[in-house]
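1. What follows is a predicted structure for the sequence shown.
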Amino acid sequence: MTNIILLGPPGAGKGTQARQLVESRGMVQLSTGDMLREAQAAGSEMGKKVAEVIARGELVTDDIVIGLIREKIAEGAEGGFIFDGFPRTLGQADALGELLAEMGLTLDAVIEMAVDDGALVARITGRSTCGGCGEVYHDQTKPWPADGKCGNCGSSDVKRRADDNEESLKTRLMEYYKKTSPLLGYYYAKGDLRSVDGLQAMEAVAADIAAVLEA
Ligand code: AP5
């Protein structure tokens, strides 16, 4: 059982790589972004509370996301967890360490997906997601099949996120550099940090992640 964190700015490719690991290794993807969007879509009180914060590109409070992760970790995962978009603050990182210890689990690697900001605008503004299965597409690098149906599940429900615009991306990047990038030093000091070049083609990034997991 392997538990990892995928760490990187918005558009680094965390979700894309997490989905591959779910398929290839039977791991469980825990994306706090997906959980928050599901809460929004379900119209829960919490979902309504966070909707504007997410659309602006700011982080929601630690207590909300730690609560979501606590519930999911308690469900267990035979193939291990991929933490995607969590932790994002030092408080969340401390909380994750405590939650894993309570469950008798360890963190095996924190994989930084290194990219430069210039690539992120194009990645974010070109992204769409399948409403049926969550498959991630991109207008240039991974366009929808010509028949308009998802290659994975056949749905034609193309979704674009409310925060996938240049204005929100600026805020999301600022939040990343102020609150999340200190985690690189935090995990480096613990000896957990590994880095892959996230600017490569998706298959090459996946191969580098696989090499980290096999090391
Ligand atoms: P979240 O949903 O986590 O978004 P994010 O971190 O901004 O990351 P993204 O999902 O935008 O990018 P990604 O790295 O997964 O890239 P992807 O694989 O899709 O969070 C959204 C919001 O929720 C936050 O702003 C915050 O408000 C809130 N939130 C969530 N978690 C929180 C937390 N822990 N604490 C507080 N608030 C929280 O790829 C992007 C595009 O690029 C796709 O189109 C893809 O096809 C393409 N692509 C991917 N890899 C490649 C490649 N190698 N080459 C070319 N194109 C590629």
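-> Right, received. Where do you want to start?
2. got a list of what the residue nearest to Tyr176 when sequence neighbours are not counted touches?
-> Closest residue to Tyr176 in three dimensions, ignoring its sequence neighbours and counting by Cβ to Cβ, 6 or more residues apart in numbering: Pro9, at 4.5 Å. No exception for glycine: its C-beta is placed from N, CA and C like everyone else's. Contacts here follow Cβ atoms under 8 Å, 6 or more residues apart in numbering; on that basis Pro9 touches 115, 117, 120, 172-173, 176, 180.
3. Filter those residues down to the ones in helices?
-> Among the contacts of Pro9, the residues falling in helices (DSSP state H) are 117, 120, 172-173.
4. Just the buried residues out of these, in PyMOL syntax.
-> In PyMOL, a selection of the buried entries from the ones in helices among the contacts of Pro9 looks like this (16 or more other Cβ atoms under 10 Å):
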select buried, resi 120+172+173
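5. Using CSV, lay out the ones in helices among the contacts of Pro9 together with distance to Leu30.
-> Output for the ones in helices among the contacts of Pro9, formatted as CSV (distance: Cβ to Cβ, whole Å):
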residue, distance to Leu30
Asp117, 26
Leu120, 23
Arg172, 19
Leu173, 23
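6. Of all pairs in the ones in helices among the contacts of Pro9, which one spans the longest distance?
-> Spatially, the most separated pair among the ones in helices among the contacts of Pro9 is Asp117 and Arg172, at 11.0 Å (Cβ to Cβ).
7. what pLDDT does Gly76 get?
-> For Gly76, the pLDDT comes out at 85.
8. what's the answer for the one 10 residues further on, then?
-> In the predicted model, Phe86 carries a pLDDT score of 98.
9. I appreciate the help and will end here.
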